[in-house]
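Asks: predicted model follows, preceded by the sequence.
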Protein chains: 2
Amino acid sequence: MQKLTIVKLGGSVITDKSKPLIARRSEIRRLGREILASKFKGKLIITHGSGSFGHPVAKKYKTHEGYKNDKSIRGMVLTSDAAIEINRIVMKEFIKLGMNVKSLASSSFLIAKDKKIQKGFIDPLMNILKSDVIPVTFGDVVMDKEQGFCIISAEKIIYYMVDKLSKEYSTTLIIYCSDTDGVYDESGETIPKISSKNFKNVRQMIGRSGSADVTGGMLHKVKESLKLAKNYKLEVRIINGKRIKHLKRALEGKKVVSTTILN
Amino acid sequence: MQKLTIVKLGGSVITDKSKPLIARRSEIRRLGREILASKFKGKLIITHGSGSFGHPVAKKYKTHEGYKNDKSIRGMVLTSDAAIEINRIVMKEFIKLGMNVKSLASSSFLIAKDKKIQKGFIDPLMNILKSDVIPVTFGDVVMDKEQGFCIISAEKIIYYMVDKLSKEYSTTLIIYCSDTDGVYDESGETIPKISSKNFKNVRQMIGRSGSADVTGGMLHKVKESLKLAKNYKLEVRIINGKRIKHLKRALEGKKVVSTTILN
């Protein structure tokens, strides 16, 4: 089976947390260049969060809670728009670098029920991968059969993709580019490894991210990663996407300061 | 069954044919305002073409012919990007007007085989309609199981949607906003009605559109419309989207100079 690597560019890396709707274009370009320069084999999927584009408006309108009144509909419209807007910026910068990328809008190929992905349509993703084009997907407002709509994080989309692609591709590595050197313990030191064995201890150490993140921050990432590591025998590495060449090195299987999550 | 109306905003109305990548933002806004102001009942879907965004680049790289070499991959990437770009402009203008719209990326919910839609995922569209939000979809580069990728026109997407939605919605009217007063005969007069009875005569009269349209121009529209009228007992009206209040009047079932295609 062909190997598959999935990279998530964190919203806190590609956007400026302190300034709504400001993308860090030069960081996006640098990360794109690192992907281009890295020597790794197999297929690649890129996903990204929506950072200061999606989260503040989602928080304001409580978009993750779904339909409540007419205002929530407007919030859904604006949050969707913000999520696509940051995707457009990522796409434009990557295309300018010469990368062959194709956007996959999560809300167009996924449907949720009670905040969970219920069903999806995997054929476009499969065929983009076959064409040697890099699919780029992102956390988005997805229609929800129970509550009207909800927010599906890039982490949840990654889980869905790994599962649905598992018949044709063996996902071996998922790299999260966050804005920290992995997961920190109470004294701010990187925890090098997290597995089901030390998760209970680690859980207490993980402070919830203080920013406007409606999808749950670092704890959410670690939980989803542990499930993935357990069910699909893969490794998840949380690296610092802001540090130069860390993504390139991680893609090549080289050492960088990071947290590895494995079964 | 609930009534459904579908509006297609022609690429030649919302973009400037003579200038690649220039959108007619004021026209997009006017059409949006006409939709908002019109008194019509039932659900609405908006689709649009990609005009001077998608067609010139698709023509240059022969994107409609699918994969040939590495250049065609690049062409696919650029054509996809252009199709989404005009969609973004339409979305932004509509949202600013207060319209509650949600974009549906055709290439994310459709898959083609030999230039035809083979399969799709209709759940997001269904749920957007249920939420009283207007879905906006568009002609796009769609992955193709036979030739790698192809171009699926807004007309073909409309056909697919009418068919898939027919269990829950009765599509009664499709309005094409073109840049002519309907379909012209040899002397430049509008043909008021086209049905299977007079199609053979009409066919000879329809000059192929001379612009960079890789999806077949007016003849394609008429053929797809006749199939729709026959199979789903609906009416298709081709109006001039550039004429003020023609879209509003057509949505209200009022008379405007136009070609009506019916069974």
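Replies: Perfect, thanks for sending it.
Asks: give me the buried positions along stretch A:175-195.
Replies: The neighbour-count check on stretch A:175-195 (16 or more other C-beta atoms under 10 Å in any protein chain shown) flags A:Ile175, A:Tyr176, A:Cys177, A:Ser178, A:Asp179, A:Thr180, A:Asp181, A:Gly182, A:Val183, A:Tyr184, A:Ile191, A:Ile194 as buried. C-betas here are computed from N, CA, C, even on glycine.
Asks: my bad, should have said stretch A:35-47
Replies: Judged by neighbour count (16+ other C-beta under 10 Å), stretch A:35-47 contains these buried residues: A:Ile35, A:Ser38, A:Lys43, A:Leu44, A:Ile45, A:Ile46, A:Thr47.
Asks: B:Gln147: which of those is nearest?
Replies: Nearest to B:Gln147 among the buried residues of stretch A:35-47 is A:Lys43, at 20.4 Å by C-beta to C-beta.
Asks: what's the spacing between the closest one and chain B?
Replies: Relative to chain B, A:Lys43 is positioned 15 Å away (criterion: C-beta to the nearest C-beta, to the nearest Å).
Asks: my guess is that residue contacts A:Gln2. True?
Replies: Yes: counting by C-beta atoms under 8 Å, A:Gln2 is a contact partner of A:Lys43 at 6.1 Å.
Asks: between the two, what contacts are shared?
Replies: By C-beta atoms under 8 Å, 6 or more residues apart in numbering or on different chains, A:Lys43 and A:Gln2 have these common neighbours: A:Tyr169.
Asks: which residues touch A:Ser72?
Replies: Contacts of A:Ser72 were listed using C-beta under 8 Å, 6+ apart, and they are A:Tyr61, A:Lys62, A:Thr63, A:Glu65, A:Gly66, A:Gly148.
Asks: which stretches in chain A count as strands?
Replies: Along chain A, the stretches classed as strands by DSSP state E are A:2-9, A:43-48, A:101-104, A:110-113, A:116-120, A:134-138, A:140-144, A:148-152, A:169-178, A:193-194, A:235-240, A:258-261.
Asks: and among the ones you listed, the most buried is which?
Replies: Each of the strands of chain A was given a mean neighbour count from mean count of other C-beta atoms under 10 Å in any protein chain shown, and the largest, a mean of 27, is that of strand A:140-144.
Asks: out of the contacts of A:Ser72, grab the one that's most surrounded.
Replies: Within those, A:Thr63 tops the neighbour count with 27 neighbours, counted by other C-beta atoms under 10 Å in any protein chain shown.
Asks: who's in contact with that residue?
Replies: A:Thr63 sits next to A:Val57, A:Ser72, A:Gly75, A:Met76, A:Thr79, A:Val141, A:Phe149, A:Cys150, A:Ile151, A:Val214 when contact means C-beta under 8 Å, 6+ apart.
Asks: how near is it to B:Ala229?
Replies: Summarising the geometry, the distance separating A:Thr63 from B:Ala229, computed by C-beta to C-beta, to the nearest Å, is 40 Å.
Asks: tell me where the model's unsure across the stretch 151-263 of chain A.
Replies: A:207-216 (pLDDT under 70).
Asks: kindly recompute the last result at 90.
Replies: Counting by pLDDT under 90, the stretch 151-263 of chain A contains low-confidence residues at A:184-188, A:200-221, A:224.
Asks: how many residues are close by A:Glu168?
Replies: In terms of burial, A:Glu168 registers 14 neighbours under the definition other C-beta under 10 Å.
Asks: surely it meets A:Met1?
Replies: Yes: contact status for A:Glu168 versus A:Met1: in contact at 6.9 Å, counting by C-beta under 8 Å.
Asks: what does the stretch 101-250 of chain A put close to chain B?
Replies: By the rule C-beta under 8 Å from any C-beta of the partner chain, the part of the stretch 101-250 of chain A lying against chain B is A:101-111, A:119-121, A:123-124, A:127-128, A:131-133, A:142-145, A:148-149.
Asks: hmm, try it at 10 Å
Replies: Those residues of the stretch 101-250 of chain A that sit near chain B, judged by C-beta under 10 Å from any C-beta of the partner chain, are A:101-112, A:118-135, A:137, A:141-145, A:148-149.
Asks: now the helices for the stretch 51-200 of chain A?
Replies: Taking DSSP state H, counting those that start in this stretch as the test, the helices found in the stretch 51-200 of chain A are A:51-61, A:70-96, A:106-109, A:123-130, A:154-165, A:199-205.
Asks: TSV please, covering those and showing distance to B:Val202.
Replies: Formatted as TSV, the helices of the stretch 51-200 of chain A follow (distance: least, C-beta to C-beta, whole Å):
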stretch	distance to B:Val202
helix A:51-61	49
helix A:70-96	40
helix A:106-109	36
helix A:123-130	37
helix A:154-165	47
helix A:199-205	70
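Asks: hey, least reliable of the ones you listed by pLDDT?
Replies: When mean pLDDT is averaged over each of the helices of the stretch 51-200 of chain A, helix A:199-205 scores lowest at a mean of 86.
Asks: list the helices and strands that helix packs on?
Replies: With contacts taken as 3 or more C-beta pairs under 10 Å, 6 or more residues apart in numbering or on different chains; DSSP states H and E, helix A:199-205 sits against strand A:193-194, helix A:217-232, strand A:258-261.
Asks: the second one to strand A:235-240, inter-axis angle?
Replies: So that's helix A:217-232. 160 degrees (axes from the mean of the first three to the mean of the last three C-alpha atoms, to 10 degrees).
Asks: quick one: helix A:217-232 to strand A:2-9, angle?
Replies: Using the same axes, to 10 degrees, one finds that helix A:217-232 and strand A:2-9 are set 170 degrees apart in direction.
Asks: against which helices or strands is helix A:217-232 packed?
Replies: The elements that helix A:217-232 packs onto, with contact taken as 3+ C-beta pairs under 10 Å, 6+ apart, are helix A:154-165, strand A:169-178, strand A:193-194, helix A:199-205, strand A:235-240, strand A:258-261.
Asks: buried sites along that helix?
Replies: Neighbour-count burial for helix A:217-232, with 16+ other C-beta under 10 Å as criterion, is recorded at A:Gly217, A:Met218, A:His220, A:Lys221, A:Val222, A:Lys223, A:Glu224, A:Ser225, A:Leu226, A:Leu228, A:Ala229, A:Tyr232.
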